[in-house]
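Colleague: Quick one: sequence and predicted model below, then my questions.
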Amino acid sequence: MEFGISFNSNYGLGPVNPDELREDVRKLYEKYRDKFTFRVPNENEYGNQRRFYVYEWFTKDKEKIFYVGKGTGKRYNHIIREMGRCRGMYYQELQDNLGIDYRIVADKLTNLEAEIYEICWFHQRTSQGEVLIQFVDMPYDLDAYESMREMYKTRNFTPQIEISEYRRRYFEIIEKVDYDAIEAETLIFTHFLPSDWMVDPYTSDEKEEIRKYVAASGGRVYTSLAKGAKSVIEFGNLDYDKYCKLKDKGYIIYHSFHVLDYIRNNKPNLPPKEITKKKVNIPKFDINERNEMREYLELSEAQISEIITKNADGFEPEMKGLGYKREGNYKEAIKYLEVSVRMKFEAPAAYLQLAIIHRKFGMFQEELAVLKQAIGTVYPASIGKIKDRISKVEDFIL
């Protein structure tokens, strides 16, 4: 379907009877009924009251439709109310640049008729080439969504600066822009742009390779957009709006794929450096407190086993452990978090908070063990943070 919009509403008391719909609603329903399944909702208090309407917002310059909705009273005014919030930034931008207004498309509808008319009107407007902000660039098709996840997971895609349908439609931005060509002078003073959960879990190897090259070249990967950073590196596909903001601030913008190609063909040609042992600042801890905590855990083995048998999974023990940690009761915290970890609970909080307690008491071997267990257990999105802690605690042990 065009624009990736697909509706399949399947709920309520039974199938729609077209003969019970008002004539204009019925005609629109018959036109688009093959595109979705709809069942009669429970009308509850509304019954057959004709108090609903369907409305649309449009730009004043060329009457481009950007929002379709249904409601009662002054529901249409939510577009104005939301302008001061994050989700209303597009409405504000259209208002400031093009001017906006609304109109009632269909009035005096029942709740059921309004729902049907609204969904059909989505189809009507998108089939006419309109770009509705509530759906723009969203993969509503499950296959398309899974395909997107797979391409980021396998790292098999062509890097792009993505111009949204919103930008193309309302501001007529269609000219393709590309990532910058690699220059060693700016590459070695760089910053990794943050990625979302769909991209980040699969980029750790790329980041490590880039870090090693930068370090060997005498440069630095900045953790934030500091003044010293001359470039930034994207690991997914960068949004055009973000690209423009970064360019306005003077940054050179690279893609990790291009950077890796450059690195593999341009090894740093530097004189050999004298290898010096890295200075490690080991956290201070009280040896007596560490020994006391280890002894406490040994004596708590029977209780830990009993707690495990009483719980179906590690959720409740994790919650108790986190609560005790907030209270500063580290003995109870370490006991219950240990239970959650032994039950292989997938949430990362138990592992990370247990590791924090281990480090606080100088239990570095225990910290390393629990972090390594987490690698094969927790959600992929947290692996990067866990690997960072592993590299640090290994320095303490060595």
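Modeller: Alright, I've got the coordinates. Numbers count the residues shown, from 1 in each chain.

Colleague: Could you tell me the phi and psi values at the closest residue in space to residue 19 that isn't next to it in sequence?
Modeller: Closest residue in space to residue 19, ignoring its immediate chain neighbours: residue 26 at 7.7 Å, by CB to CB, 6 or more residues apart in numbering. Placement of C-beta: from N, CA and C, glycine included. Note on residue 26: its backbone torsions stand at phi -60, psi -40 [degrees, to the nearest 10].

Colleague: Thought residue 16 was touching residue 26, still the case?
Modeller: No - Residue 26 is beyond contact range of residue 16, at 9.7 Å (criterion: CB atoms under 8 Å).

Colleague: so where is the stretch 201-350 of the chain shaky, pLDDT-wise?
Modeller: 268-279 (pLDDT under 70).

Colleague: ranges for the helices of it?
Modeller: 204-216, 240-248, 256-265, 287-299, 301-309, 315-327, 330-342, 348-360 (DSSP state H, counting those that start in this stretch).

Colleague: One more: the stretch 51-200 of the chain?
Modeller: 78-81, 89-97, 111-127, 142-154, 165-171, 184-187.

Colleague: Which one of the ones you listed lies nearest to residue 352?
Modeller: With CB to CB, the closest approach to residue 352 among these belongs to helix 142-154: 23.5 Å.

Colleague: Of the helices of the stretch 51-200 of the chain, which stretch is the most buried?
Modeller: Ranked by mean neighbour count, the helices of the stretch 51-200 of the chain are led by helix 111-127 with a mean of 22 (mean count of other CB atoms under 10 Å).

Colleague: Alpha carbons of that one, as CSV, please.
Modeller: The C-alpha trace of helix 111-127 is given here as CSV (Å, rounded to 0.1, in the frame of the first residue of the first chain):
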residue,chain,number,x,y,z
ASN,A,111,-18.9,7.3,17.1
LEU,A,112,-18.8,4.3,14.8
GLU,A,113,-19.3,6.4,11.7
ALA,A,114,-16.6,8.8,12.7
GLU,A,115,-14.1,6.0,13.3
ILE,A,116,-14.9,4.5,9.9
TYR,A,117,-14.8,7.9,8.1
GLU,A,118,-11.5,8.8,9.7
ILE,A,119,-9.8,5.6,8.7
CYS,A,120,-11.2,5.8,5.1
TRP,A,121,-10.2,9.5,5.0
PHE,A,122,-6.6,8.5,5.8
HIS,A,123,-6.7,6.3,2.7
GLN,A,124,-8.4,9.0,0.6
ARG,A,125,-5.8,11.7,1.4
THR,A,126,-2.7,9.5,1.2
SER,A,127,-3.8,8.0,-2.1
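
Colleague: can you give me the offset of it from its chain's centre?
Modeller: Averaging C-alpha positions (CA atoms, centre = their mean, to the nearest Å) puts helix 111-127 30 Å from its chain's average.

Colleague: elements contacting it?
Modeller: helix 23-32, strand 52-59, strand 65-71, strand 100-109 (3 or more CB pairs under 8 Å, 6 or more residues apart in numbering; DSSP states H and E).

Colleague: How about residues contacting the second one?
Modeller: Outside strand 52-59, the residues that touch it by CB atoms under 8 Å, 6 or more residues apart in numbering are 46, 64-72, 75-76, 79, 91, 94, 98-111, 113-114, 117-118, 121, 125, 170.

Colleague: mean confidence for that strand?
Modeller: Averaging pLDDT along strand 52-59 gives 96.

Colleague: Quickly run through the sheet partners of that strand, with directions.
Modeller: strand 65-71 (antiparallel), strand 100-109 (antiparallel) (DSSP bridges).

Colleague: got the angle between the shortest one and helix 111-127?
Modeller: Just to be clear, that refers to strand 65-71. 170 degrees (axes from the mean of the first three to the mean of the last three CA atoms, to 10 degrees).
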